[in-house]
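Undergrad: Got a predicted structure here, sequence first:
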Amino acid sequence: MDAGFGAHPCAEGTMSEGWLSVLAGLLMVLGLAGIVLPILPGTFLIWLGALVYGLFGEWGRWGPWIFGLITLLGLAGLVTEVVMGGAGATMRGGSLWGILGGLAVGAVGLVLFSLPGAIGGLLLGTFAVEYLRVRDMRKAADAMIGMGVGYGVSFGVKLLIALAMIGLWLLWVFAA
């Protein structure tokens, strides 16, 4: 066992505990970056880091329970991502077409202009599709604002969920 990297020994012939913790931690840091950069599956990478840690290390007494909580939080993060942005848009009069248009233009914006392009594309795409649909600038702007607020709330909730997932994993590593 490498000093300072976990409390339980690995079986003979498996990855050392220190390197395993580093690998899992790097996946989680990459997942945390994925909360900010929508091209990376944020909460999934954090969950994957915990799974790798459990499968290639020793689950220990509390590992399965903590991993179960991490899994539930990851699912909550996924639901948050899928539901909140669209809910914001529909609460302000947006349609499914407006939401899909915003997501499509946001994806193009992400590829071409990074994070600012994704945000701008999401908002402008929602506005454009809603304007074409209803021919009313005010209603299109309302849907765009709803989309922006929904995704802003989604970002905050996903960030808190990601930090909670990582915190649970750290508890697992250092208190096991």
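TA: Perfect, thanks for sending it.

Undergrad: Can you report how many residues neighbour S21?
TA: When neighbours are counted by other C-beta atoms under 10 Å, S21 registers 22. Glycine gets a C-beta too; all of them are placed from N, C-alpha and C.

Undergrad: go on, V83?
TA: Per other C-beta under 10 Å, the neighbour tally for V83 reads 12.

Undergrad: Quick check: which element contains it?
TA: For V83, the host element (DSSP states H and E) is helix 63-91.

Undergrad: Just to check, A107 is in contact with G117?
TA: No: under the criterion of C-beta atoms under 8 Å, A107 makes no contact with G117, lying 9.6 Å away.

Undergrad: so who does L115 touch?
TA: For L115, the contact set (C-beta atoms under 8 Å, 6 or more residues apart in numbering) comprises V36, L37, P38.

Undergrad: Quickly find the element holding it.
TA: Going by DSSP H and E, L115 is part of helix 96-134.

Undergrad: Pull out the buried positions in that helix.
TA: For helix 96-134, the neighbour count (16 or more other C-beta atoms under 10 Å) marks 98-99, 101-103, 105-107, 109-110, 117-119, 121-131, 133-134 as buried.

Undergrad: Can you report how many residues lie near I35?
TA: Other residues near I35 number 23, with proximity taken as other C-beta under 10 Å.

Undergrad: which residues touch it?
TA: Residues near I35 by C-beta under 8 Å, 6+ apart: G42, T43, F155, K158, L159, A162.

Undergrad: picking up where we left off before, from the contact counts, what lies against the helix holding V83?
TA: Contacts defined by 3 or more C-beta pairs under 8 Å, 6 or more residues apart in numbering; DSSP states H and E place helix 63-91 against helix 42-56, helix 96-134, helix 137-175.

Undergrad: Buried ones in it, by neighbour count?
TA: Buried residues in helix 63-91, counted by 16+ other C-beta under 10 Å: 63, 66-67, 69-70, 73-74, 76-78, 80-81, 84-90.

Undergrad: for E58, helix, strand, or coil?
TA: Here E58 is recorded as coil under DSSP: H, G, I helix; E, B strand; the rest coil.
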